[in-house]
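Trainee: sharing a model prediction with you, sequence too.
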Amino acid sequence: METKMKKSLQGGMKNIVPNLELVFKVCYLVHLLMAFNAYFAGERIMNVTLVLTLFFGGLMGIMRLIRIKDYITFPNILWLIAFIGSYAITALVNIRYGLFESAQYFVWLLFQFGLLYTFDWKRDREEVRKEFHIVAYVLIVILTIYNIIGFIMLMQNHGFWHEAADGQIHRIGMAEWGRLHGLHADPNYGAVTSAVGLLLALYLMMRNKKIWIRLFLAITVLFQYLFIVFSVSRSGLIAAICGTAAFVGLYYLKKAKKYTMIVSIIAVVVVAGVMFGGSKLLINSYNTYMEYRAEEPGDDITKREPTISREGDMEATGGDISNRRFSIWKSAIEIFISSPVTGVGFRNIIPYAKDQLPGTYILKVNNQYGDFDAMHNVIMDTLASQGIIGIAILAGFIVSTMVFLIKNFNAIREEHWVVNSVLFCCCLTIGISSMFVSQILYVNNPNTYLFWALLGYLIYSMKRDGERISRKAGKTKEVLK
């Protein structure tokens, strides 16, 4: 009797969980997109999206614990469990520098690893595809609204400072030092998110036959690209070029009928050239247009310097091409050397530096700019935060994931080639940009969300195809016997 009730309960949860997952993933994504919107960040409305995310995430976590056997076998999850364990140990070892913020991110880490990345790989593929498409459309629509508003501000050379209810101050629109912020609290993060949005829009254009949807998606591609260009984010542009060129190259690697490798390489070079050359052309055209506007009598659009450029950053840093990153990375190494085994904990970096390394660059007293609490590189973040243990676990996860992808590469079915390619290239885009900005680990932002969610979809898809090949091979062996 108990066994039947248990099976009935699990069967009911299997029907509930997919809908709950979709609601949670949409709530979580909307929360992060609003949290990194310069107008909403720090405002009271964020408490609403936070509570909804935690509520649905908590429910989903309970459901997964009850059916833990369906999730614990998901590829490479043990590496992530080990990373969470290492994070907890580091937090306890460095408890004197703070615990509350470390505990807060511990919850987000559980959400990212346990709810975004991990899948019940037996879920219906069509059901998962619909979920992925809904998440992609939510991202694209919100990003497009942000970037259209940002483009209008760009053309009007309009920008201002906004102080939120919690005292945070953000730049909105154009910045007088020569770059577009738009509605993004951080233009570097916004550029990377837009690069992912651009890729997903390209993919959905390929999937859709309805002209009005394809037209809408074409417009979104345009505005994602425009923000990447006018934000003058070098990390965003590099990541966008690499991710988009790789996606087009992979597409032609499968779709070209003749000379596939040559066609694929040519496509990569052309896309990279067009995106890089287009960015230079657009910036030069904008600057020329603004110079022309400045000469118009009665036109007050150029009360602030309208030129799009990173020269202001170069002057402020004394010609440092890395925009302070080399000095910040040096501090990360110094922290790692001072606490090599467990690290100091990401949320404890500044308190630890003030206590143990008062002369290190990341402290405001030494750089005359501000306290840098992130290392602008996921490897440096991990070294400083979790030491040798953390970086060894991260390396193990990366290697295991690459081995899994290579092992299952030939198992990909032709009808899944394009979706797997875009998922891989989105992760590649975020991975490349994480060499220059802090994300994927420790920072709860849209790009971290997208990396773990899209990687989860990719691993699920490839595992399903791999299992199909294994079953076929098993049947063949039985016949041969």
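Mentor: Happy to help now that I have it. Only a predicted model underlies this, so the values are computations on that prediction, with no experimental measurement involved.
Trainee: I68 versus I62, what's the distance?
Mentor: 11 Å (CB to CB, to the nearest Å). To be clear about C-beta, it is placed using only N, CA and C from the backbone, and glycine gets the same treatment.
Trainee: residues contacting S102?
Mentor: Going by CB atoms under 8 Å, 6 or more residues apart in numbering, S102 touches 87, 91, 345-348.
Trainee: pull the helix or strand with minimum mean pLDDT from the protein.
Mentor: Lowest on mean pLDDT, DSSP states H and E among the helices and strands of the chain sits helix 311-316, with a mean of 64.
Trainee: could you check the helix or strand that it is followed by and say which residues are buried?
Mentor: Remark: after helix 311-316, the chain's next helix or strand is helix 325-338, criterion DSSP states H and E. Residues of helix 325-338 classed as buried: 325, 327-329, 331-332, 334-336 (neighbour count, 16 or more other CB atoms under 10 Å).
Trainee: which stretches of the stretch 151-300 of the chain form helices?
Mentor: 187-207, 211-230, 234-255, 260-295 (DSSP state H, counting those that start in this stretch).
Trainee: show the average pLDDT along the shortest one.
Mentor: The predicted model assigns helix 211-230 a mean pLDDT of 96.
Trainee: and that helix with helix 187-207, angle?
Mentor: On the basis of axes from the mean of the first three to the mean of the last three CA atoms, to 10 degrees, helix 211-230 is oriented at 150 degrees to helix 187-207.
Trainee: contacts for helix 211-230?
Mentor: For helix 211-230, contacts defined as CB under 8 Å, 6+ apart pick out 140-141, 143-144, 146-148, 150-151, 154, 179-180, 182, 184, 190-191, 194-195, 197-198, 201-202, 204-205, 208, 236-237, 240, 275, 278-279, 282-283, 286, 308.
Trainee: filter these to the buried ones?
Mentor: Neighbour counting with 16+ other CB under 10 Å marks 140, 143-144, 146-148, 150-151, 154, 179-180, 182, 184, 190-191, 194-195, 197-198, 201-202, 204-205, 236-237, 240, 275, 279, 283, 286, 308 as buried within these.
Trainee: output the below-cut-off pLDDT ranges for this protein.
Mentor: Along the chain, the parts satisfying pLDDT under 70 run over 1-18, 294-306, 312-319, 466-481.
Trainee: domain parsing for it?
Mentor: Annotated domains of the chain cover 71-118+325-481, 128-324 [automatic domain parsing].
Trainee: right, and those domains - which one's nearest R44?
Mentor: Proximity to R44, assessed across those by CB to CB, is greatest for domain 128-324 (5.6 Å).
Trainee: how far away is A41 from E131?
Mentor: Counting by CB to CB - A41 and E131 are separated by 27 Å.
Trainee: hmm, I was thinking of G243
Mentor: 22 Å.
Trainee: rebuild the domains of the chain as TSV, extending it with distance to H31.
Mentor: Below are the domains of the chain laid out as TSV (distance: least, CB to CB, whole Å):
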stretch	distance to H31
domain 71-118+325-481	9
domain 128-324	11
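Trainee: tell me where the protein has strands.
Mentor: In the chain, the strands defined using DSSP state E lie at 159-163, 169-175, 179-182.
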